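Enquirer: what's the 3D shape of this:
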Amino acid sequence: MSELQLCWTANIEQLKHFVNENIKLNDGNWISPGGDKKVYSDGTTSISWRKSKKILQIEGKEKKQIIAKLCSLICSVQTNIVTNEAVATTTRDENGVSPLTTQILSAELEGAKLDITIAERDILINKDIINNVDNRLNKINAEFDDFSKQLEYCKKEIYMLRNGHMNGHTYVTQRKLQKSLK
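Expert: Okay, here's the model as predicted:
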């Protein structure tokens, strides 16, 4: 499985607003190191974005928490992205599709991909757990069968002693005979 890639198809101002409102990192700054790259850093964690590639790169101490939070927001489709409604309602591509619709569908698709990736990982983990439990149950069943056989043997000996098939004197004599033959 490859590492999850998160895309941001809106503009940098919307990304800044989204990070401030939804990610809630420590106080940090947005910088432009060059070209179309923008970086938010709070000293321990950074979020990089290039306008041309639309990929969010998250690095640092809180990377896993941020990715989980982003994916949760994407999957629940409750993102609070600031949109320019005039542009969103009047601008359409040659197929008549609004850029806002494309952004939402892209986010939903990424959420579905994430759900599948998480489900695959969970299936592999659960498969290993089930195999371990199955092996333990087989071992316990084998031990149980051994104990059952021993119990049956003991029951037969007790039955023979109780029902007079072998009275006490005969039993003692038989034991002495067995010892002497050894």
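
Enquirer: I believe N141 is in a helix; please confirm or correct that.
Expert: Yes: looking at N141 with DSSP: H, G, I helix; E, B strand; the rest coil, it is inside a helix.

Enquirer: What is the burial count for it?
Expert: N141: 10 surrounding residues under other CB atoms under 10 Å. (C-beta placed from N, C-alpha, C; glycine too.)

Enquirer: Distance of it relative to Q57?
Expert: Per CB to CB, to the nearest Å, N141 is found 52 Å from Q57.

Enquirer: same question, I12
Expert: Distance check for I12 against Q57: by CB to CB, it reads 14 Å.

Enquirer: same question, D115
Expert: Noted for D115: a distance of 22 Å to Q57, by CB to CB.

Enquirer: same check, this time on W49
Expert: Counting by CB to CB, the gap from W49 to Q57 is 8 Å.

Enquirer: the bottom helix or strand of this structure by mean pLDDT?
Expert: helix 85-90 (a mean of 41; mean pLDDT, DSSP states H and E).

Enquirer: Show the residue spans covered by the helices in this structure.
Expert: Counting by DSSP state H, the segments of the chain that form helices are 12-18, 63-76, 85-90, 99-162, 168-181.
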